[in-house]
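make a model of this:
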Amino acid sequence: MTINKTALALSVGAALLAGSVQAQENKLYLFNWTEYMDPEIIEAFEEKYDVDVVQNYFNSLPEMFAKLNAGGVSQYDIIVPSNYYVPRLIQTGLVQKLDKSKLDNLDNVMEQFQDPAYDPGAEYSAPYQWGTTGIVYNTETFPDAPKSWSLLFDPEVNPDHPFALMGDGQVSMGGACAFLGHGYDCTDMNAWKEAARLLIDTKGRDTFSGFSDGTPALQQLARGVTHVGLSYNGDYLFFKDEDPETFETLDFMIPDEGAEMWVDAMLIPSEAPNPDMAHKFIDFILDAEVGAQLSNYNYYASPNAAAEPHLDAVLTEPPVQPSEADMERLRFTPSLEGDALQTFQQLWSEVQSR
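The predicted structure follows:
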């Protein structure tokens, strides 16, 4: 009996390839912020589509961007960046256009998010959640705290107590710009240089504890490692609900000089292993009841108009829904490209290295 080795090899190869394709079809790789997804939503999606969702996490946008550039573009099916990183992801070819014919729930999106400046026509992105970045501080340490960036940048206002800034350069630079009177969303070169000098001086203070983003910043505040820091309104409420006793003495504020409003969006990397399942996931999140369930879990505002009747009352008041006065002070972090991006990165590198 003779064996056709070539045919056998082809048969084995085809079987392995089929197994690999099937494995990809049965998994969805999600790259998201920490503490940002209700596990019950994942379980419901897995059950509906007979798929395993594998979650990986990041704490800052630079971290996410670096991992995508280091091979993540072919490892993840869904990423959840903030608005000002979306143009950068599009321009660098790291994400693919959405197939809107696969997104039946896209009409649920609020009008203001249907044609966003960061992604005209929403060709690449669908909104996930929106929120604000503000100052979290210890009310026992600062019982008469000013509603101001001075709590971080003025050593006379906070001469003795440890504090942290965000490792996301555009947020920390925006805060410094706002404190100096240039507005949170400043892009003027001279304003940036002045803000960079302020940040270098601030880093030089004995009470500066370092850069800390999002969840880690709140953990430091809870442990008393710092007394002032920067974090997100939903994260703050999430941890306050988890540990009300510790967070009884921690408060969230939007500085009167202005601060960040952001939108996090769902995008599909250009080499995603399972783009079809990625579209199913986006459409699942855009469902009215699922969208409300997500916000009710993580305490962030929903960009889903159809979800509004299902939202908990806490999501309709500050700090999730800022007051009218605070809304007027909020600005999107500007999207940078070309020479402006290069200049900013040089200034931020100098701040970090000094």
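
which residues does the spatially closest residue to residue 137 that is not a sequence neighbour contact?
Sequence neighbours aside, residue 228 is the residue nearest to residue 137 in space, at 4.6 Å (criterion: Cβ to Cβ, 6 or more residues apart in numbering). Where you see a C-beta, it was placed from the backbone N, CA and C, and this is true even at glycine. Taking Cβ atoms under 8 Å, 6 or more residues apart in numbering, we find residue 228 in contact with 135, 136, 137, 138, 142, 151, 152, 158, 161, 163, 164, 221.

could you do residue 50 as well?
When contacts are counted by Cβ under 8 Å, 6+ apart, residue 50 touches residue 26.

any figure for the gap between it and residue 286?
Per Cβ to Cβ, to the nearest Å, residue 50 is found 21 Å from residue 286.

also residue 118?
18 Å.

then residue 160?
Noted for residue 160: a distance of 48 Å to residue 286, by Cβ to Cβ.

more crowded one of these two?
Neighbour totals were compared for residue 160 and residue 286, and residue 286 leads with 24 against 9 (other Cβ atoms under 10 Å).

how much space between the residue nearest the centre of the chain and residue 99?
For the chain, the residue nearest the mean C-alpha position is residue 82 (4.8 Å; Cα atoms, centre = their mean). Per Cβ to Cβ, residue 82 is found 23 Å from residue 99.

next: residue 130.
The gap separating residue 130 from residue 99 is 24 Å, by Cβ to Cβ.

quick one: which of those two has more around it?
Shown here are residue 130 and residue 99; by other Cβ under 10 Å, residue 130 has more neighbours (22 against 12).

got a list of what the residue lying closest to residue 181 once chain neighbours are set aside touches?
For residue 181, ignoring the flanking residues on the chain, the nearest one in space by Cβ to Cβ, 6+ apart is residue 257 at 7.4 Å. Residues counted as contacts of residue 257 (Cβ under 8 Å, 6+ apart) are 148, 149, 178, 179, 181, 184, 329.

residues near the residue lying closest to residue 110 once chain neighbours are set aside, how many?
Nearest-residue entry for residue 110: residue 305, 4.6 Å, with adjacent residues in sequence omitted and distances by Cβ to Cβ, 6+ apart. Using other Cβ under 10 Å, residue 305 has 17 other residues around it.

contacting residues for residue 305?
So residue 305 contacts 108, 109, 110, 111 (Cβ under 8 Å, 6+ apart).

circling back: please name the bridge partners of the residue nearest to the centre of the chain.
Beta bridges link residue 82 to residue 264, judged by DSSP bridges.

returning to what we had before: which of the contacts of residue 257 sits closest to residue 122?
Proximity of those to residue 122 (Cβ to Cβ) peaks at residue 184, which lies at 24.5 Å.
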